[in-house]
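*Asks:* The sequence and its predicted three-dimensional model are supplied below.
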Amino acid sequence: MNNGIARLAFLNLLLLGSTLVIAEEQVAVAPTSSGRLYADYTFQDCCTLDAWSSSSGALWTETCESMGGYCMGGKDVANWVFEMPVMPVGATVLDARIQLNKQSGVAGSAVLYLRQTSSSALGISSALLTYNSPMHTQSAYFSNGMSHSFGLPTSFFQDSDQSHVAMALYRSSTLQIYNVGSLKPTLVVTYEGGEPPCLGDLDGDGVVGGTDLAGILGYWGSDNPTFDLDESGTVDGADLTIILARWGMCS
């Protein structure tokens, strides 16, 4: 084999090897807000969802129950809002899933309701919109174990023009979900490809600027993985330093 052919063969091997190794990246997002939509049965209206309770250490869902014309229990629907995972322009979503940890409840199926939204706000109106007019619904089977992971449609997260994802969970028999610390729900999206990310450009507008700075300050002291740029486990001064050092147009 002459030198020219040898070089060409070696180059082809390098190119072949490079096409086989495509880095997959994963983005994990914690809820920005959460709460429980429920029926206030003060006036014996067990089933009408008309009240709201903000985030707590656990959220639960169950159906309404009456006996002899009296409410024995009201209907409850668990709700969360997540930031839409930030990915490089042109990235392909390979997998999307929601991770939930069951605190109590028998084995059985529930229903997940998803809706894209431009707001992180949660209350009666926004929670009802997700529950009554979802963009996607699917069954979710809860076993007797604690940890559960449910695959979601990748198309729901591919090139979305909305900034947040709202999710509701409902089933007729009581189901309680952990909503605190390392056991709180997590939205996980796996992707590959796309333009290399610009460190510090948290909103993906091509500039490290005021919006990104506001995000760091807004989540200061939290463990939000999107804003924990140095992956130390806490959004703090080191992350702020990264923003200030990279201020301006992404190169």
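*Replies:* Structure received.
*Asks:* right, and the helix or strand after the strand of greatest length in the chain?
*Replies:* Longest strand of the chain, by residue count under DSSP state E: strand 92-104. Beyond strand 92-104 on the C-terminal side, the first helix or strand identified by DSSP states H and E is strand 108-117.
*Asks:* Could I get the buried residue list for that next one?
*Replies:* Buried residues in strand 108-117, counted by 16 or more other Cβ atoms under 10 Å: 110, 111, 112, 113, 114, 115, 116, 117. Where C-beta positions appear, they are placed from N, C-alpha and C, glycine not excepted.
*Asks:* Next: stretch 195-215.
*Replies:* Quick answer for stretch 195-215 (16+ other Cβ under 10 Å): 197, 198, 200, 201, 202, 207, 208, 209, 212, 213, 215.
*Asks:* first to last residue in it, what's the distance?
*Replies:* End-to-end distance of stretch 195-215: 22 Å, with Cα to Cα, to the nearest Å as the criterion.
*Asks:* repeat for stretch 127-136
*Replies:* Stretch 127-136: ends 14 Å apart by Cα to Cα.
*Asks:* just stretch 241-251 next, same as before
*Replies:* Its first and final residues considered, stretch 241-251 spans 18 Å by Cα to Cα.
*Asks:* Give me the mean pLDDT for that stretch.
*Replies:* For stretch 241-251, the mean per-residue pLDDT is 89.
*Asks:* Repeat that for stretch 65-77.
*Replies:* Here the average pLDDT along stretch 65-77 is 84.
*Asks:* returning to that earlier point: the longest strand of the chain packs against which elements?
*Replies:* Packing partners of strand 92-104 (3 or more Cβ pairs under 8 Å, 6 or more residues apart in numbering; DSSP states H and E): strand 147-152, strand 175-178, strand 186-192.
*Asks:* Residue 121: what's it in contact with?
*Replies:* Residues near residue 121 by Cβ atoms under 8 Å, 6 or more residues apart in numbering: 33, 81.
*Asks:* Assumed it was part of a strand.
*Replies:* No - counting by DSSP: H, G, I helix; E, B strand; the rest coil, residue 121 is not part of a strand but coil.
*Asks:* Distance of it relative to residue 81?
*Replies:* According to Cβ to Cβ, to the nearest Å, residue 121 and residue 81 sit 8 Å apart.
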